[in-house]
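*Asks:* Let me see the structure of the following:
(one chain, ligands or ions: 1)
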Amino acid sequence: CLPTTPPGNLLVFPPQSANSIPIQFITIPDPSAYKVVQLSSSPPPLIRLNGKRYNVLFGNAGMGKTTVIKKLCLDWSRDCIPQFDFVFLLDGKQLALTEPVHSLQTLLLSQSSFAPHCADPEGVYAQILAAPKRVLIVFDGFDELRHYEILLQTQKKELVASLQKDSKAQAFTVKQLFSSILQRVLLPGCTLLLATRPRGTASQLLRRADSFLEVCGFTPANVETYVSQYFSDPELRESALDSLKSSSYLNLLCWNPGLCHLVCTALEQCKSEDALPRTLTALCHKVLCLKMEKDRGSTESLLEAEKINTAGPVENTDISNNSPGRRAQKNNRTRAFSLRTVLFLHFPHPVQCLSLPRTVTDHSFLQTLPFQMGAKGRRKPQREELELTQRIAAGLLFHNRTELQSLHSYSEAVFRDMVASKQALVMKHLEGLCFGDLNSTQILEACNYVYEASFTHQESGKDTSAKMLTRLALNLPELLTFRGVPLNPPDVFTVQNALRMGGAEGRSFCLDLEDTGIQICGLRSLVALNNINTYRACIADVVTLWEELEKRSDEGLLQGAVSKFKIHPLKATQVCHMEHLERLVSIHTSKRLSDRWGAKDTHRDQCTFEMLGLENSPLALPKLWDLLPGLHNLQHLDLSENCIGDQGVKKLALALKDLAYTTVYKWHLVFAPQNFTSIFVVSSLYSNVISDEGAESLAAVLPHMASLTDLDIKYNKMTDIGAQSLGASLRKCSKVKTLRMWNQCIPYGVFERLKQQDSRILWQ
Ligand SMILES: Nc1ncnc2c1ncn2[C@@H]1O[C@H](COP(=O)(O)OP(=O)(O)OP(=O)(O)O)[C@@H](O)[C@H]1O
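*Replies:* Numbering: from 1, shown residues only. From the prediction side, this is the model:
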């Protein structure tokens with residue numbers, strides 16, 4: 001039911017190529033954890049759903065989710081995905097059809113996007129019902145994750161019964177049908193692929209999903225290909241590529257394919273390098289003006305839309321005659337215009353900021369400003385459009401006023417005064433901010449907003465934007481953490497901009513870039529700043545960066561990148577972290593790069609390793625036993641809740657024996673109650689013996705661990721035998737200060753006696 005040619009008019013990559021669109025496969029069900037494994041580069045199909053039944057495809061606006069889906073459909077139509085007989089594409093916008101006149105058959109065969117006329121609907125439908133496992137249903141057009149959540153609410157029993165009884169009855173709403181498919185009431189066993197922007201929360205959906213995919217945007221090479229194909233004229237192509245090279249920020253914006261398209265539109269028209277937009281605001285403004293020029297009739301519509309929006313943006317303004325009916329009418333008119341303007345598709349309200357000054361009080365205006373103060377971390381994530389609107393609002397306030405003339409209907413004097421007063425407010429707001437109270441997302445927002453405002457049209461010698469940047473750079477926290485906040489290439493640029501200014505002001509920083517999904521080139525540019533003292537990042541990326549620098553013989557940068565890297569404390573939360581660690585240990589043990597560890601040598605200082613309650617611990621633990629002897633500077637090892645078991649403890653003891661000559665002096669091993677129960681349940685035939693066996697293995701290795709100071713084996717299942725072995729072994733360990741080993745299976749009297757014999761034995 002889907003087309004055999006790509007519906008988009010410009011698909012950069014040959015559809016046959018397996019790597020045509022970069023996709024990443026997230027290995028854990030947590031979209032906020034961004035460290036990911038690249039999808040294999042094996043032959044098509046592009047997205048290998050690999051028998052997963054509930055797949056979620058993430059990507060911000062314009063990142064190419066729909067394009068990926070089109071590509072998937074194209075692959076399918078070319079028999080590259082033979083596991084499906086049918087692929088149906090359902091669009092979230094169909095939810096606007098609220099009449100109960102649909103059936104599953106009509107939904108799939110008539111409403112599914114691109115569905116051509118089906119000559120034998122009955123026959124096809126019978127085939128679908130007979131083998132739902134061979135059906136792929138793709139949902140697209142859902143702006144936010146949470147919009148799916150509504151569809152996952154429990155349906156009434158009667159509805160479920162009637163849907164199951166006769167799914168051909170044309171008596172259901174699209175919402176009921178969507179819900180039933182998502183809840184597996186209809187077509188149980190079919191494969192689902194749900195595309196969405198990652199905003200909002202949807203815990204139900206995340207719980208159900210068994211695979212997460214993320215469209216990760218264009219690489220620099222992809223951008224070059226796109227731009228080369230966009231400009232068919234060789235001369236224009238060359239000049240466009242040159243222009244991009246000279247304009248770093250514009251080039252980095254192209255990471256988002258949607259923005260890449262806008263950049264090409266702007267490049268097409270820019271006659272000189274000076275005229276190139278240097279911020280997102282300037283890019284959007286440029287494209288908007290080009291659109292307006294092309295479609296002069298729209299100018300009036302724009303002004304009309306702007307006047308409509310003079311009512312505010314609008315939630316926090318109280319405008320009379322703002323009844324729901326009137327508001328709907330306004331919104332429809334605005335949307336009608338917006339839909340004709342590509343810019344508005346991605347950034348729905350940029351022009352509203354021009355209306356802000358007149359109609360909105362200073363207080364309301366300040367509330368629309370980014371990086372609001374509030375309890376740390378408690379601010380809800382904003383909708384992407386709102387965030388972009390705010391960023392562009394900040395940019396427009398500091399934009400060249402003359403250029404903005406075509407976008408507003410105020411007199412020059414009125415407009416100048418309004419802009420000046422709002423600029424002053426923004427400045428005051430920034431000066432009043434307590435940066436220590438901002439969370440990582442807000443700090444990133446601040447960097448982005450200040451950058452947007454940084455090309456101020458200077459008036460009477462005042463350079464407000466330079467002041468803003470200095471103010472930001474002076475107040476950034478010294479330990480700057482972006483952990484868990486996605487850092488895309490343009491973000492990295494604005495952060496770098498602020499850090500560089502910090503350097504000029506004599507400041508230096510420690511960066512935490514873990515779980516940010518930062519690209520290697522971004523990592524390189526931040527690490528290259530000479531006012532970075534230490535940095536943390538995904539170990540695999542760091543090692544890749546080192547290897548890249550080594551290959552390029554970039555000695556200076558390599559030295560810095562190696563010596564500034566900090567791994568302490570080392571936490572493994574996914575199995576892949578063990579693989580990353582393996583790469584690092586191999587560099588370490590083979591003494592590659594050892595001459596670059598440098599004086600600071602932070603990662604050769606003390607190291608804490610934590611692996612707490614890892615779900616796939618049976619996969620990770622064997623790797624850890626192999627790696628432990630290589631962690632020469634290990635000081636604190638916490639392996640709580642990993643179901644190690646007696647066999648695991650034996651291997652651990654062997655690994656520790658190898659480590660014995662190193663400087664390990666604090667070893668913290670905790671088996672939590674859950675572990676305890678599971679070991680007990682699993683080993684009910686030989687229960688205590690297993691745990692005592694493990695304790696014996698530990699007792700045997702303890703005296704070898706000359707620098708061990710603390711051992712914690714609470715909540716284990718050993719009995720008095722295991723406890724006594726450990727107690728006896730403890731006498732040979734002069735350095736050990738505490739041994740915590742209480743658990744229910746050690747008789748109270750035995751434990752008390754052991755405690756009296758050696759005061760280092762503790763209950764808790
Ligand atoms: N791999 C690609 N090759 C060429 N163009 C692409 C590619 N990916 C995306 N684009 C272009 O980028 C623009 C945005 O892509 P698309 O509509 O697929 O994004 P999206 O993630 O679905 O956005 P939204 O969330 O706004 O619906 C389109 O013009 C599309 O043609």
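
*Asks:* now the closest residue to Val135 other than its chain neighbours: how far from the ligand?
*Replies:* Spatially, and ignoring its direct neighbours in sequence, Val135 is nearest to Cys190 (4.2 Å; Cβ to Cβ, 6 or more residues apart in numbering). Backbone N, C-alpha and C define where each C-beta goes, glycine included. Distance, Cys190 to the ligand, using Cβ to the nearest ligand atom, to the nearest Å: 22 Å.

*Asks:* Pull the number of nearby residues for Cys190.
*Replies:* Cys190 has 20 neighbours, counted by other Cβ atoms under 10 Å.

*Asks:* That one contacts Leu129, doesn't it?
*Replies:* No - counting by Cβ atoms under 8 Å, Cys190 does not reach Leu129; the two are 10.5 Å apart.

*Asks:* Pop out the phi and psi values for Thr470.
*Replies:* Torsion angles at Thr470 (phi, psi; degrees, to the nearest 10) stand at phi -60, psi -40.

*Asks:* Same check on Leu711?
*Replies:* According to degrees, to the nearest 10, Leu711 has phi -130, psi 130.

*Asks:* Quick check, pLDDT for it.
*Replies:* pLDDT, Leu711: 82.

*Asks:* what sits against the closest residue to it other than its chain neighbours?
*Replies:* In this structure, Leu711 finds its nearest non-sequential neighbour in Leu739, 5.0 Å apart by Cβ to Cβ, 6+ apart. If you count contacts by Cβ atoms under 8 Å, 6 or more residues apart in numbering, Leu739 has them with 710-713, 726-727, 730, 758, 760-762.

*Asks:* how much space is there between Leu739 and Gly648?
*Replies:* Relative to Gly648, Leu739 is positioned 20 Å away (Cβ to Cβ, to the nearest Å).

*Asks:* re the thing from before, in CSV, list the contacts of Leu739 along with neighbour count and distance to the ligand.
*Replies:* Shown next, in CSV, are the contacts of Leu739 (neighbours: other Cβ atoms under 10 Å; distance: Cβ to the nearest ligand atom, whole Å):
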residue, neighbour count, distance to the ligand
Asp710, 18, 51
Leu711, 23, 52
Asp712, 21, 49
Ile713, 23, 51
Leu726, 22, 58
Gly727, 22, 63
Leu730, 22, 61
Asp758, 13, 64
Arg760, 18, 60
Ile761, 22, 60
Leu762, 15, 56
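
*Asks:* hmm, back to that, tell me the pLDDT at the residue nearest to Leu711?
*Replies:* Note on Leu739: pLDDT of 86.

*Asks:* That one sits in which helix or strand?
*Replies:* In this assignment (DSSP states H and E), Leu739 forms part of strand 738-740.

*Asks:* who are the neighbours of the longest helix along the chain, in terms of helices and strands?
*Replies:* The longest helix of the chain (DSSP state H) is helix 412-432. For helix 412-432, the packing partners by 3 or more Cβ pairs under 8 Å, 6 or more residues apart in numbering; DSSP states H and E come out as helix 352-359, helix 362-368, helix 384-397, helix 401-404, helix 464-475.

*Asks:* Next SSE downstream of that helix?
*Replies:* Per DSSP H and E, the first helix or strand lying C-terminal to helix 412-432 is helix 440-452.

*Asks:* Show me which residues of the longest helix of the chain are buried.
*Replies:* 415, 418-420, 422-423, 425-427, 429-430 (16 or more other Cβ atoms under 10 Å).

*Asks:* Number of residues surrounding whichever residue of the chain sits closest to the ligand?
*Replies:* The ligand sits closest to Gly64 of the chain, with a gap of 2.8 Å, by Cβ to the nearest ligand atom. Using other Cβ under 10 Å, Gly64 has 24 neighbouring residues.

*Asks:* Quick check: phi and psi on Ile532?
*Replies:* phi -100, psi 120.

*Asks:* How about the contacts made by it?
*Replies:* Counting by Cβ under 8 Å, 6+ apart, Ile532 has contacts 499, 508-511, 526, 564.

*Asks:* Out of those residues, which comes closest to Lys71?
*Replies:* Nearest to Lys71, judged by Cβ to Cβ, of the contacts of Ile532 is Leu526 at 32.7 Å.

*Asks:* quick one: low-confidence parts of this protein?
*Replies:* Scanning the chain for pLDDT under 70 picks out 1-51, 113-116, 296-385, 406, 456-464, 589-618, 632-633, 658-690, 764.

*Asks:* Got the domain ranges for it?
*Replies:* 24-216, 435-566, 619-668+676-762 (the TED database).

*Asks:* before we move on, the earlier item: can you tell me how far the residue of the chain closest to the ligand is from Ala240?
*Replies:* Gly64 is 21 Å from Ala240, by Cβ to Cβ.

*Asks:* Next: Leu652.
*Replies:* 59 Å.

*Asks:* Next up, phi/psi of Leu90, please.
*Replies:* phi -110, psi 130.

*Asks:* Which strand residues bridge the residue nearest to it when sequence neighbours are not counted?
*Replies:* Once flanking residues are discounted, Leu90 sits nearest to Phe139: 5.2 Å by Cβ to Cβ, 6+ apart. Assessed by DSSP bridges, Phe139 has beta-bridge partners Leu90, Leu194.

*Asks:* who touches Phe139 in this structure?
*Replies:* Phe139 neighbours (Cβ under 8 Å, 6+ apart): 90-92, 148, 178, 182, 192-195.
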